[in-house]
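Enquirer: Using only what follows, build the 3D model:
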Amino acid sequence: MTSAAQAPQPAAKSAPPEHLGHVIFIAAAAAMGGFLFGYDSAVINGAVEAIRSRYDIGSAALAQVIAIALIGCAIGAATAGRMADRIGRIRCMQVSAVLFTVSAIGSALPFALWDLAFWRIIGGFAIGMASVIGPAYIAEVSPPAYRGRLGSFQQAAIVVGIAVSQLVNWGILNAADGKQRGSLLGVEAWQVMLGVMVIPAVLYGLLSFVIPESPRFLISVGRYDRAREVLDEVEGDGVDLDARVAEIEHAMKREHKSTFQDLLGGSFFFKPIVWVGIGLSVFQQFVGINVAFYYSSTLWQSVGVNPSDSFFYSFTTSIINIIGTVIAMIFVDRIGRKPLAIIGSVGMVIGLGLEAWAFSFDLVDGKLPATQGWVALIAAHVFVLFFALSWGVVVWVFLGEMFPNRIRAAALGVAASAQWIANWAITASFPSLADWNLSATYVIYTIFAALSIPFVLKFVKETKGKTLEEMG
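Expert: Numbering: from 1, shown residues only. Below you'll find the predicted structure:
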């Protein structure tokens, strides 16, 4: 084997066609974790009102049951990296698949509200793990020439998972005669909605047995021969495998393990660039995007839309989310991150402002007036479209690029944690805020969308076309 002390020449080449199909399969299998991330995050949308009715709880308690999964998400995301370094990426995926499966079964067959909350936390832990392991594994097995495109599989899988969960919820509701608590397969319809996730969870686990371990992990534990086999499998016959192994090992030994201490400095505890990352994460959540995915069925029913139609609108919203994500993937490298973020913010201000206006009208016979109802529905789709084509993708691109190499890992961890906390704050507060004043709630989200514009203009630097080394 080539000594790691040598200065190996880059040996990676783009995958030839006969290998590319196999690499795509590997990346798609790993992205099943992203699919489950999106599915598990959004499937609760179909059960919110049924849980309220089944356990006779108020908005505050209901919000905690919905939002408590985010605690698990934060823990899972915080521990997944170390777990993956100790037991491997594949074993980590398998643990995640087991947790998704257990959570689905437990959530579908709860004894009481407390254990439903417990299974939600377990599912959240699996989501947090999947959010970290999927992108890391895909990056490590992808040929450099295809890494960006294959890396986008994770985000695409998340939005497809959201859409499929809403479609399945809608289908189950119709099978139960439009009743969330209607009988279906011996249980209530909402229980079936939560239990169906067993199917993709088991598939994820099975796929993890047919894809290879990451070469980077194999090298870290001294399994050089297997690392060469995997590199040959994913990068092609023309690659100098010894040189590639040496190159990876050399890079790993040179890496600086960033710590929390590295982030300290400046006038306000953290370095300024860390605060910018935190700000991006907080603004991404404080515009209320997850209200659209966790509570949209409840929202539409609260203004007089029947349950079947409300579930269908949740599905159409998730399709718009997919369309917006594809638009972002096409344009993020063409027009830049900052312009896309600003365009998205302007669009979100318009969509959220129109929703706030529509919800300010009194209900007539339990429904919004026809004009306001249509405005609210269209504006909700406009809001999701502009979020998806901008902040939904751009924030993660920024967070991956904007930090100096020396602090990137630790800074990204802090920013991601801030995002989970902000997500929890919005998710836990919405039911009570909506009970207080739905229109004013959307005014608050509109204000945050508007404030994101000067924040981006003043504090965020464009990263398009720059190498990671140029970040400092």
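
Enquirer: Which parts of the chain are strands?
Expert: Remark: strands assigned in the chain by DSSP state E are 183-184, 187-188, 264-268, 270.

Enquirer: Among those, show the one with the smallest mean pLDDT.
Expert: Lowest mean pLDDT within the strands of the chain: strand 264-268, a mean of 70.

Enquirer: after it, next one along is what?
Expert: For strand 264-268, the following helix or strand on the C-terminal side (DSSP states H and E) is strand 270.

Enquirer: hang on, the earlier thing: so which of the strands of the chain gets nearest residue 94?
Expert: Ranking the strands of the chain by proximity to residue 94 (Cβ to Cβ) places strand 187-188 first, at 28.1 Å. For glycine as for every other residue, the C-beta is placed from the backbone atoms N, C-alpha and C.

Enquirer: Within the sheet, what are the partner strands of the closest one, with directions?
Expert: Counting by DSSP bridges, the strands paired with strand 187-188 are strand 183-184 (antiparallel).

Enquirer: what does the partner strand rub up against?
Expert: Defining contact as Cβ atoms under 8 Å, 6 or more residues apart in numbering, one finds that strand 183-184 is touched by 172, 175, 176, 189, 192.

Enquirer: Could you point out the longest helix of this protein?
Expert: Identified as the longest helix of the chain according to DSSP state H is helix 408-459.

Enquirer: That one: how far from the chain's middle?
Expert: In this view, helix 408-459 has its centroid 15 Å away from the chain centroid, taken as Cα atoms, centre = their mean, to the nearest Å.

Enquirer: elements contacting it?
Expert: Counting contacts by 3 or more Cβ pairs under 8 Å, 6 or more residues apart in numbering; DSSP states H and E, helix 408-459 packs against helix 59-67, helix 69-87, helix 272-286, helix 289-294, helix 296-302, helix 337-359, helix 391-401.

Enquirer: Tell me what angle that helix forms with helix 69-87.
Expert: 130 degrees (axes from the mean of the first three to the mean of the last three Cα atoms, to 10 degrees).

Enquirer: orientation of helix 408-459 relative to helix 59-67 in degrees?
Expert: Going by the same axes, to 10 degrees, helix 408-459 makes 120 degrees with helix 59-67.

Enquirer: how about low-confidence regions in the chain?
Expert: Within the chain, the segments meeting pLDDT under 70 span 1-18, 148, 237, 255-258, 266-267, 466-472.

Enquirer: picking that back up, got a winner among the contacts of strand 183-184 for most neighbours?
Expert: residue 189 (25 neighbours; other Cβ atoms under 10 Å).

Enquirer: Correct me if wrong: that residue contacts residue 50.
Expert: Yes. With contact defined as Cβ atoms under 8 Å, residue 189 counts as touching residue 50 (7.3 Å).

Enquirer: joint contacts of the two?
Expert: 180, 181.

Enquirer: For residue 283, give me its contacts.
Expert: 391, 448, 451, 452, 455 are the contacts of residue 283 under Cβ under 8 Å, 6+ apart.

Enquirer: and the two most separated of those?
Expert: Greatest spatial distance among the contacts of residue 283 (Cβ to Cβ): 391 and 451, at 12.9 Å.

Enquirer: Compare the two (neighbour count), which wins?
Expert: When residue 391 is set against residue 451 and neighbours are counted by other Cβ under 10 Å, the residue ahead is residue 391, at 26 against 16.

Enquirer: Contacts only, for that one.
Expert: 283, 284, 287, 289, 341, 344, 345, 348, 452.

Enquirer: Distance to residue 297 for those residues - can I get that in JSON lines?
Expert: Output for the contacts of residue 391, formatted as JSON lines (distance: Cβ to Cβ, whole Å):
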{"residue": "283", "distance to residue 297": "26"}
{"residue": "284", "distance to residue 297": "23"}
{"residue": "287", "distance to residue 297": "20"}
{"residue": "289", "distance to residue 297": "16"}
{"residue": "341", "distance to residue 297": "29"}
{"residue": "344", "distance to residue 297": "25"}
{"residue": "345", "distance to residue 297": "27"}
{"residue": "348", "distance to residue 297": "21"}
{"residue": "452", "distance to residue 297": "27"}
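
Enquirer: Of those, select the buried ones using a PyMOL command.
Expert: This is the PyMOL syntax for the buried subset of these, where burial follows 16 or more other Cβ atoms under 10 Å:
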select buried, resi 283+284+287+289+341+344+345+348+452
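
Enquirer: Would you point out the most distant pair within the contacts of residue 391?
Expert: 289 and 341 (13.9 Å).

Enquirer: wait, isn't residue 75 in contact with residue 127?
Expert: No. Residue 75 sits out of contact with residue 127 when judged by Cβ under 8 Å, with a separation of 10.4 Å.

Enquirer: Please identify which of the two sits among more neighbours.
Expert: Neighbour tally, residue 75 and residue 127, criterion other Cβ under 10 Å: the higher count belongs to residue 127, 30 against 16.

Enquirer: Might you report the residue contacts of the more buried one?
Expert: 36, 37, 40, 41, 69, 72, 73, 76.

Enquirer: The second one and residue 51: what is the separation?
Expert: If I follow you right, that is residue 37. 21 Å (Cβ to Cβ, to the nearest Å).

Enquirer: Of these two, give the one with the bigger neighbour count.
Expert: More crowded of residue 37 and residue 51, by other Cβ under 10 Å: residue 37, with 27 against 21.

Enquirer: Skipping its backbone neighbours, what lies nearest the more buried one in space?
Expert: residue 130 (4.7 Å; Cβ to Cβ, 6 or more residues apart in numbering).

Enquirer: how close does the one you found get to residue 161?
Expert: Taken as Cβ to Cβ, the span from residue 130 to residue 161 is 10 Å.

Enquirer: which residues are common contacts for the two?
Expert: 34, 36, 37.

Enquirer: which one of those sits closest to residue 415?
Expert: Closest to residue 415, out of all of the shared contacts of residue 130 and residue 161 and judged by Cβ to Cβ, is residue 37, at 17.8 Å.

Enquirer: isn't the closest one right up against residue 161?
Expert: Yes. Residue 37 lies in contact with residue 161 (Cβ under 8 Å); the separation is 6.4 Å.

Enquirer: Surely residue 245 is in contact with residue 226?
Expert: No. Using Cβ under 8 Å, residue 245 makes no contact with residue 226, being 10.6 Å away.

Enquirer: Can you name the residues that contact the residue nearest to residue 37?
Expert: Contacts for residue 130 (Cβ under 8 Å, 6+ apart) come out as 33, 34, 36, 37, 76, 93, 96, 100.

Enquirer: Compile those into JSON lines and extend it with columns for distance to residue 155.
Expert: Putting those into JSON lines (distance: Cβ to Cβ, whole Å) gives the following:
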{"residue": "33", "distance to residue 155": "12"}
{"residue": "34", "distance to residue 155": "7"}
{"residue": "36", "distance to residue 155": "14"}
{"residue": "37", "distance to residue 155": "10"}
{"residue": "76", "distance to residue 155": "18"}
{"residue": "93", "distance to residue 155": "18"}
{"residue": "96", "distance to residue 155": "18"}
{"residue": "100", "distance to residue 155": "19"}
